[in-house]
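In: this is a predicted model, with the sequence first.
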Amino acid sequence: QVQLVESGGGLVQAGGSLRLSCAGSGRIFMNYAMGWFRQAPGKEREFVAAINWNGRSTYYEDSVRGRFTISRVNAKNTMYLQMNSLKPEDTAVYYCAARNTGLPVTTTDYNYWGQGTQVTVSS
């Protein structure tokens, strides 16, 4: 079992930055591929970014590529999402997720989820 807790969300103006953190506990963190997803009101949960077990492979949704950076520090059991040049359309609840394999996917096929953290970008 893996427990995930997100933090770092908040209210920011368009063009600003936030860094989300996802702290993991329980099973060995480094065995898991990790991902960030988001869900806006009235919309389905969507893929944002993913990272493989050792951090050497990363994947991004097209609308965030070049603005967001996913990373992880396995020694700290923590994953990050640095979000720059934020836009109002980035407003959503952001979730981190872990997968029972070192290979990430861009679907919601992850085994463990955090409770989410709200990101609101004002125009």
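Out: All right, it came through fine.
In: residue boundaries of the strands in the protein?
Out: 2-7, 10-13, 18-26, 33-39, 46-51, 58-60, 68-73, 78-83, 92-99, 112-113, 117-122 (DSSP state E).
In: so can I have CSV of these showing mean neighbour count and mean pLDDT?
Out: Backbone N, C-alpha and C define where each C-beta goes, glycine included. Below are the strands of the chain laid out as CSV (neighbours: other Cβ atoms under 10 Å; pLDDT from 0 to 100):
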stretch, mean neighbour count, mean pLDDT
strand 2-7, 18, 94
strand 10-13, 13, 98
strand 18-26, 18, 93
strand 33-39, 24, 97
strand 46-51, 22, 97
strand 58-60, 17, 97
strand 68-73, 19, 97
strand 78-83, 22, 97
strand 92-99, 23, 96
strand 112-113, 18, 95
strand 117-122, 17, 98
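In: quick one: which of the ones you listed is nearest residue 106?
Out: strand 46-51 (4.5 Å; Cβ to Cβ).
In: so the closest one versus strand 92-99, what angle?
Out: 50 degrees (axes from the mean of the first three to the mean of the last three Cα atoms, to 10 degrees).
In: how about the most centrally placed residue in the chain: what's its closest non-neighbour residue?
Out: Nearest residue to the geometric centre of the chain (Cα atoms, centre = their mean): residue 36, 2.4 Å. Once flanking residues are discounted, residue 36 sits nearest to residue 48: 4.3 Å by Cβ to Cβ, 6 or more residues apart in numbering.
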